[in-house]
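1. here are the coordinates; sequence isn't available:
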């Protein structure tokens, strides 16, 4: 029996902590320097699987809004996640600040 609606897949991503390439003062661990490469690998894996949509649960960028390097981290995140621009990336409101490609789901009021 064929289902009335074909199944779909989705990806869930969290805590990418994309950093400004020039560095930031909020980096607490040496491994923080590898966050952008990890995010790029995650995006590549997502693209290979071609999910119907992508949800990011938050902590997309670091440092936080208002801290030195935040705008650069936002631009870097935009560049990294643009590779899955056919999909929606959602996150906490503080993460979405300034990220043109990160939009709340339509009709949710989020």
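-> Looks like it came in fine. Please read all numbers here as calculations on a predicted model, not as lab measurements.

2. am I right that residue 75 is in a strand?
-> No - if the criterion is DSSP: H, G, I helix; E, B strand; the rest coil, then residue 75 is helix and not within a strand.

3. output the longest helix belonging to the chain.
-> helix 35-49 (DSSP state H).

4. quick check: next helix or strand after it?
-> Counting by DSSP states H and E, the next helix or strand C-terminal to helix 35-49 is strand 53-56.

5. can you give me the helices for this structure?
-> Listed in chain order, the helices of the chain (DSSP H) span 35-49, 70-81, 93-96.

6. and the second one, which residues are buried?
-> So that's helix 70-81. By neighbour count with 16 or more other CB atoms under 10 Å, helix 70-81 contains the buried residues 70, 72, 73, 74, 75, 76, 77, 78, 80, 81. Every residue, glycine included, has its C-beta placed from N, CA and C.

7. now that helix against helix 35-49, angle please.
-> Interaxial angle of helix 70-81 relative to helix 35-49 (axes from the mean of the first three to the mean of the last three CA atoms, to 10 degrees): 30 degrees.

8. how far is helix 70-81 from where the chain is centred?
-> Counting by CA atoms, centre = their mean, to the nearest Å, helix 70-81 is centred 9 Å from the centre of its parent chain.

9. before we move on, the earlier item: make CSV out of the buried residues of helix 70-81 and add pLDDT and distance to residue 38.
-> Conversion of the buried residues of helix 70-81 to CSV gives the following (pLDDT from 0 to 100; distance: CB to CB, whole Å):
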residue, pLDDT, distance to residue 38
70, 88, 19
72, 92, 18
73, 91, 14
74, 88, 18
75, 90, 18
76, 93, 13
77, 89, 13
78, 86, 17
80, 90, 10
81, 84, 13
